[in-house]
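coordinates for the following, if possible.
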Amino acid sequence: MGPTGDATLPITGRPSAGNAPSTPVYSGQVPHIDVASSLLLVIDAQDGFYPSARIDVDHEAKLQVLDRVAWVCAVARGLDVPMIVTEEDADTNGPTAPQVVNALVPGTVAHVKTVFGATENPAIAAAIDDLGRGVAVIVGMETDVCVAHSALGLSQRGLRPVVVHDAVYSAGTAHEFGLARLRAEGVELVSAKELYYEWLRALPAARAFDEAHPELGDPPGFAL
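Presented below is the predicted three-dimensional model:
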């Protein structure tokens, strides 16, 4: 544990090649999602968030979302997009799911989140501000609470939140309710596939990435 109570995740794999140059914060326009302007915010991607006894939870769908979160993290890692990871009540909900952990950069810190909106937690807000990135891509749980609160908080801080709608989850109808609220508040929603091509943008870059990362060529639940 660090001095703020944050935990370093036990991740295996290659180190990051470094972060791309930072860019100014969101100006209010809606351009493409530039990889050099992006950070990835992984919110409470904890397998134990929904215990097996919850009958209102589609556990297969939840696991597919966690697999998709891991895939998005691996793409971000391959493109040197910095990632911020949060955990809520890990003593009860367990740590970040192992497939997500293994997709992160080694040494990634899991920030303790006690307020639902990520930006309302001072250490997380500081970590976001320190990156100097204008676009915050969001994956994780839950769509209608922590994801929604975080997206709205990021917007209020002058960043451009982008929620990956097939890499976030809430049980039952709460997922669609959360997406509806995000749409009503003007938050951008993209699929994991759309994000992939936004970040890569051109055929030569996509082909080079695919060649360098063949293990990412078969994403969970969809095709590139």
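
any regions of this protein where pLDDT drops low?
Segments of the chain classed as low confidence (criterion: pLDDT under 70) are 1-30.

for the longest strand belonging to it, packing partners?
Looking only at the chain and at elements set by DSSP state E, the strand with the highest residue count is strand 160-169. Using 3 or more CB pairs under 8 Å, 6 or more residues apart in numbering; DSSP states H and E, the elements in contact with strand 160-169 are helix 59-78, strand 135-141, helix 148-156, helix 174-184, strand 188-190, helix 192-200. All C-beta spots, glycine's among them, are computed from the backbone N, C-alpha and C.

residues contacting the nearest residue to Q46 once chain neighbours are set aside?
What sits nearest to Q46 in space, not counting adjacent residues and going by CB to CB, 6 or more residues apart in numbering, is N93, at 4.5 Å. N93 is in contact with 44, 46, 48-49, 87, counting by CB atoms under 8 Å, 6 or more residues apart in numbering.

same check on V85?
Contact partners of V85, counting by CB under 8 Å, 6+ apart, are 9, 42, 45, 96, 100, 104, 108-111.

out of those, list just those in helices.
Taking DSSP state H as the definition of helices, the contacts of V85 contribute V100.

wait, which of the contacts of V85 is closest to V135?
For the contacts of V85, the closest approach to V135 (CB to CB) belongs to V42, at 14.9 Å.

surely the closest one is in contact with A103?
No - with contacts counted by CB atoms under 8 Å, V42 stays clear of A103, the gap being 9.4 Å.

ok, back up a step: which of the contacts of V85 are buried, as a PyMOL select command?
For anyone working in PyMOL, the buried entries among the contacts of V85, judged by 16 or more other CB atoms under 10 Å, can be selected with:
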select buried, resi 9+42+45+96+100+104+108+109+110+111
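
could you dump the contacts of V85 to JSON lines with distance to V81?
Output for those, formatted as JSON lines (distance: CB to CB, whole Å):
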{"residue": "L9", "distance to V81": "17"}
{"residue": "V42", "distance to V81": "11"}
{"residue": "A45", "distance to V81": "16"}
{"residue": "T96", "distance to V81": "17"}
{"residue": "V100", "distance to V81": "15"}
{"residue": "L104", "distance to V81": "11"}
{"residue": "T108", "distance to V81": "12"}
{"residue": "V109", "distance to V81": "16"}
{"residue": "A110", "distance to V81": "18"}
{"residue": "H111", "distance to V81": "17"}
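
where does T86 fall, phi/psi-wise?
Reported as degrees, to the nearest 10, the phi and psi values for T86 are phi -120, psi 150.

does it touch Q46 like I think?
No - contact between T86 and Q46 fails when scored by CB under 8 Å: they sit 9.6 Å apart.

more neighbours: the two, which one.
Between T86 and Q46, counting by other CB atoms under 10 Å, T86 is the more crowded of the two (26 against 23).

quick check: L200 vs A212, distance?
From L200 over to A212 the distance is 11 Å, taken as CB to CB, to the nearest Å.

the two: which is more packed in?
In this view L200 and A212 are compared by other CB under 10 Å, and L200 has more residues nearby, 18 against 9.

re the thing from before, out of the contacts of N93, which are buried?
Judged by neighbour count, with 16+ other CB under 10 Å as the criterion, the buried members of the contacts of N93 are 44, 46, 49, 87.
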